[in-house]
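*Asks:* 3D, please:
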Amino acid sequence: NQKGQVETILDTGSQIVCMALDEALHLGLTWNPDICLRMESANSQVNTSVGLANNVPFTFAEGFTIYLQVYIFVKPAYTALLGCPFDTLTESNIQNLQDGSAIITTRDPHTGCQTALPTLQKGKVPKAGLEEIVIQNFKSQ
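*Replies:* Predicted structure coming up:
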């Protein structure tokens with residue numbers, strides 16, 4: 001929604017897309033408190049969401065915006081988590097690199113254009129000059 005940048009975790013094993021309550025408030029998201037979900041995390045802890053935010057715009061590259069249904073949780077271990085719905089909607093492919101980073105190739109479901117999204121290992125800071133890298137868009141055939 002052009003309100004800020006959010007560090008996200010890509011977890012293809014997760015069945016949902018979710019976000020921390022603090023971040024949702026910071027971004028000005030609204031959600032339906034009647035649609036809640038109990039989620040068990042990897043450490044067997046069970047948390048209940050505060051609700052579901054519908055059609056939240058995620059912009060990954062210039063002109064590449066997708067709308068996701070996002071469950072909001074109080075103090076999860078992440079700011080935002082992109083699970084299986086993101087992978088399915090964008091038909092993503094992930095190339096894992098030896099340094100812990102990855103390149104995610106996604107397909108915009110509206111235009112058919114593909115985008116290569118470079119990522120960093122969690123907690124890593126981009127090297128100087130990295131912000132000058134241009135992400136290449138190409139049309140799938």
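
*Asks:* residues touching the closest residue to Asp108 other than its chain neighbours, list them.
*Replies:* Spatially, and ignoring its direct neighbours in sequence, Asp108 is nearest to Phe64 (5.3 Å; CB to CB, 6 or more residues apart in numbering). For the C-beta atoms, the positions are set from N, CA and C on the backbone; glycine is no exception. Phe64 makes contacts with Thr106, Asp108, Cys113, Thr115, Asn137, as judged by CB atoms under 8 Å, 6 or more residues apart in numbering.

*Asks:* So what pairs up with the residue nearest in space to the middle of the chain in the strands?
*Replies:* With distances taken as CA atoms, centre = their mean, Leu82 lies nearest the centre of the chain, 3.9 Å away. Under DSSP bridges, the beta-bridge partners of Leu82 are Leu10.

*Asks:* I figured it hits Thr8, correct?
*Replies:* Yes: using CB atoms under 8 Å, Leu82 makes contact with Thr8 at a distance of 5.4 Å.

*Asks:* I'd assumed Ala24 was in a helix, is it?
*Replies:* Yes: Ala24 forms part of a helix when assessed by DSSP: H, G, I helix; E, B strand; the rest coil.
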